[in-house]
Structure formats: structure tokens, C-alpha cells
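Participant: The sequence isn't on hand, but the structure is:
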């Protein structure tokens with residue numbers, strides 16, 4: 001995770017199965033002949049994926065980078081063979097060129113991809129791999145509604161400069177940025193999540209996209225008012241199905257680069 005937002009590991013983990021799936025889908029696409037000596041997991045969160053990479057490559061030095069002290073505290077509790085580093089992805093500058101830069105659901109929080117992605121690709125060791133997954137959620141209805149609700153009501157003036165999830169570029173733009181560095185593989189997938197409970201899309205967003213907005217509302221009563229307004233606006237868009245589930249289609253973008 002990146003930025004100054006306060007992250008709640010417990011809330012984030014409530015949908016761990018759904019959040020893990022894209023990371024594992026990305027991981028299984030890593031080249032079979034890759035024998036890394038150094039791996040960085042950027043935006044490692046609670047550390048599960050860095051731990052998997054460390055177990056998969058026992059002779060490798062694995063680092064997990066995240067800006068959230070709370071997330072890293074949870075990561076350290078895994079006792080994985082990983083060196084946990086608190087820092088900002090935008091300032092990432094490793095001393096040793098990594099053989100693998102892995103990043104799952106993190107770079108959508110970092111701006112200026114036109115500069116960021118070539119810089120990350122350029123930091124790879126020869127033959128190294130950049131593997132990235134990002135939600136394509138900025139333009140989706142639940143983000144539109146969230147920004148709309150934030151822009152009206154008694155909290156509007158405090159929400160004007162909130163920096164939330166940033167829009168990702170089109171897949172062809174990432175090809176343009178990465179192809180000069182080597183062989184690319186870029187694809188998209190939409191996962192159809194089956195959520196349960198009352199207003200489950202709001203509950204999902206409380207672990208991610210809502211965090212910067214809720215940080216502006218320290219009063220629990222005002223937070224509840226904001227969340228109620230958000231839930232009311234979302235219900236017509238995400239009706240409960242006859243079997244009791246709420247269908248939540250979630251598009252994601254996958255990027256893989258093997259540096260030449």
C-alpha cells in the first residue's frame with residue numbers, strides 16, 4: 001500500500017480469498033526458468049505474497065516494501081524469510097538490480113505511470129521480470145458513486161483534495177512504455193465475485209478505496225452518515241440476487257515484462 005492513508009489489516013483481510021486470486025494468477029505466469037537472486041514485492045501489504053515468493057525461491061533474498069506500518073507489523077508476524085521495508089513505491093531505488101519486481105494491487109495508488117513504469121522496468125537486472133496486477137476500478141460505478149457522495153453533503157469541503165485510487169492507462173499504453181525494455185505479456189480479466197451480507201460492496205471498499213475518504217472523517221457518527229449515503233446510492237446498482245448473493249464484477253489488468 002502507498003501514500004499517507006491509514007490501513008486496517010483486519011478489514012482488508014475480510015476478502016482475502018478474492019484479493020489473493022489475482023496475485024496467485026499473476027504468480028503462476030512467472031517464467032519457469034526464472035532463478036532470481038533478489039525479489040522485491042512492492043506494496044506487499046500483510047506479506048502473504050512475499051512469503052509465497054520466499055518459499056518458492058529459498059535461495060533468494062526477498063524484500064517486502066509497504067508504506068503502512070500496520071500492514072508491515074502484520075507481515076512480520078508471518079515470520080516469513082522476508083526483509084520488510086517501510087517506504088514509498090514512488091521513491092523505490094534498490095541498491096541491487098532486482099531479478100523480480102512483483103506488485104499486486106498497489107501501483108494504482110501511485111501517480112504518473114508514464115514515468116513510473118519505465119523507471120521500474122529500467123531497474124531490473126538483465127533477464128529480470130516485472131510482474132504487476134492493478135484493479136481497473138477507477139471508472140467503475142462504485143468509484144463514481146463514491147466520488148459523487150464525497151462531493152456532496154456536509155463533508156464535501158474536506159474531500160476536495162483526497163487522493164484516492166488513480167486511473168490506470170489503457171493496456172496499449174503500458175505496452176508502449178514497457179516494450180522497449182523487452183518481451184511483454186499484457187492481459188485483462190474480470191472476476192465475478194459473489195459477495196454476501198448487507199451492503200457488501202461498501203464493506204469491500206472499506207478495506208481499500210474508501211480509506212482515504214474515511215480518514216477525513218474522524219468522527220464515527222459522521223463516518224456512519226457518509227457510509228450510509230454511499231450504501232443507499234449503491235443498492236440499485238448491486239441488487240441482491242434470488243440466491244442471496246450480490247454480484248460484483250471486478251476488472252483487473254495484468255502486466256508482465258521480461259527484460260532483454
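Facilitator: Cool, got the structure. Quick caveat: nothing in here was measured; it's all calculated off a predicted structure. Residues are numbered from 1 along each chain as shown.
Participant: all helices of the protein, in order?
Facilitator: Ranges of helices in the chain, per DSSP state H, are 9-13, 16-27, 48-56, 69-76, 113-122, 141-150, 156-159, 171-178, 200-206, 211-214, 220-234.
Participant: Select, out of those, the one closest to residue 188.
Facilitator: Evaluated with CB to CB, the helices of the chain place helix 171-178 nearest to residue 188, the distance being 6.6 Å. For every residue, glycine as well, the C-beta is placed using N, CA and C.
Participant: what helices or strands is the closest one leaning on?
Facilitator: helix 113-122, strand 182-195, strand 246-259 (3 or more CB pairs under 8 Å, 6 or more residues apart in numbering; DSSP states H and E).
Participant: Identify the residue nearest residue 217 in space, chain neighbours excluded?
Facilitator: The shortest distance from residue 217 to any non-neighbouring residue, by CB to CB, 6 or more residues apart in numbering, is to residue 223 (4.6 Å).
Participant: Same list, the helices and strands packed on helix 171-178, but as TSV with mean neighbour count, distance to residue 19 and mean pLDDT please.
Facilitator: Output for the helices and strands packed on helix 171-178, formatted as TSV (neighbours: other CB atoms under 10 Å; distance: least, CB to CB, whole Å; pLDDT from 0 to 100):
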stretch	mean neighbour count	distance to residue 19	mean pLDDT
helix 113-122	17	22	98
strand 182-195	14	10	97
strand 246-259	19	10	97
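Participant: Export those to TSV and append columns for distance to residue 159.
Facilitator: Listed next are those as TSV, based on distance: least, CB to CB, whole Å:
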stretch	distance to residue 159
helix 113-122	24
strand 182-195	26
strand 246-259	24
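Participant: where's the residue nearest in space to the middle of the chain relative to residue 168, distance?
Facilitator: Nearest to the geometric centre of the chain sits residue 105, at 1.9 Å (CA atoms, centre = their mean). From residue 105 across to residue 168, the span is 11 Å (CB to CB, to the nearest Å).
Participant: any residues in contact with both of these two?
Facilitator: Taking CB atoms under 8 Å, 6 or more residues apart in numbering as the contact rule, residue 105 and residue 168 both touch 134, 135.
Participant: doesn't residue 177 make contact with residue 114?
Facilitator: Yes: using CB atoms under 8 Å, residue 114 makes contact with residue 177 at a distance of 6.8 Å.
Participant: Return every residue with contacts to both of these two.
Facilitator: By CB under 8 Å, 6+ apart, residue 114 and residue 177 have these common neighbours: residue 169.
Participant: and the nearest residue to residue 147 once chain neighbours are set aside, what is it in contact with?
Facilitator: Closest residue to residue 147 apart from its sequence neighbours, by CB to CB, 6+ apart: residue 164 at 7.7 Å. For residue 164, the contacting residues are 143, 146, 147, 209, 212, 213, by CB under 8 Å, 6+ apart.
Participant: Give the ChimeraX command for selecting the buried subset of the residues you listed.
Facilitator: In ChimeraX, a selection of the buried entries from these looks like this (16 or more other CB atoms under 10 Å):
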select :143,146,209,212,213
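Participant: Lowest pLDDT pick from the contacts of residue 164?
Facilitator: Looking at those by pLDDT, the weakest one is residue 209, with 88.
Participant: so it touches residue 143, yeah?
Facilitator: Yes: with contact defined as CB under 8 Å, residue 209 and residue 143 form a contacting pair (6.3 Å).
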